[in-house]
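Student: no letters, just coordinates:
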């Protein structure tokens, strides 16, 4: 078994968003519309907490705890439940979002326009709406993956009122 050579492949370099890129993305959604407010809050939560797309789309309105010790409770990989603390900026955005009227009695924190749960493809479509405007404001061009907003360089969070937490590495496949 040991004589069998392992499959060789080039590992993709992980890409991170810089602070100006995150700010440019957060400035893109039109907050005068319901969809724009949803998109802004979703992108802000992703950038501030480092939650995976699957964790964000599975969040319910009851998953958000505001006030003293504000946090988001989610179920991640391996069905592990975890709590992620919220910054003051994220708390304000979520407080405003939770005061929005629900679409058709939706229980999902970030529903689609029909009141159902937003899908991963829906998040990808949301991200694809903004790169052209973002590219004109930053140096990076092109395609953005749904997990890219959760990757940030060390200390690159928008606010530093929480202790720094190093993001988990995303495994790369051949």
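Tutor: Good, I have the coordinates. On a predicted model such as this, the values are computed, not experimentally measured, just so you know. Residues are numbered from 1 along each chain as shown.

Student: next, the residue most central in space within the chain: secondary structure please.
Tutor: In the chain, the residue lying closest to the centroid (Cα atoms, centre = their mean) is residue 46, at 2.2 Å. Three-state call for residue 46 (DSSP: H, G, I helix; E, B strand; the rest coil): helix.

Student: from residue 102, how far out is it?
Tutor: Computed as Cβ to Cβ, to the nearest Å, the residue 46 to residue 102 distance reads 21 Å. The way it works is simple: take the backbone N, C-alpha and C, and place the C-beta from them, glycine included.

Student: how about residue 48?
Tutor: 23 Å.

Student: residue 87 too?
Tutor: From residue 87 to residue 102 the distance is 25 Å (Cβ to Cβ).

Student: the two: who's more crowded?
Tutor: Counted by other Cβ atoms under 10 Å, residue 87 and residue 102 do not tie: residue 87 has more neighbours, with 19 against 12.

Student: just want the phi and psi numbers for residue 83.
Tutor: phi -110, psi 130 (degrees, to the nearest 10).

Student: count of residues packed around it?
Tutor: Neighbour count for residue 83, taken as other Cβ under 10 Å: 12.

Student: check contacts around it.
Tutor: Contacts for residue 83 (Cβ atoms under 8 Å, 6 or more residues apart in numbering) come out as 71-74.

Student: out of these, who's nearest residue 95?
Tutor: Nearest to residue 95 among the contacts of residue 83: residue 72, at 12.8 Å, using Cβ to Cβ.

Student: dump the residue contacts of the residue lying closest to the closest one once chain neighbours are set aside.
Tutor: Among residues not flanking residue 72 along the chain, residue 84 sits closest, at 5.1 Å (Cβ to Cβ, 6 or more residues apart in numbering). Neighbouring residues of residue 84 by Cβ under 8 Å, 6+ apart: 49-51, 71-72, 74.
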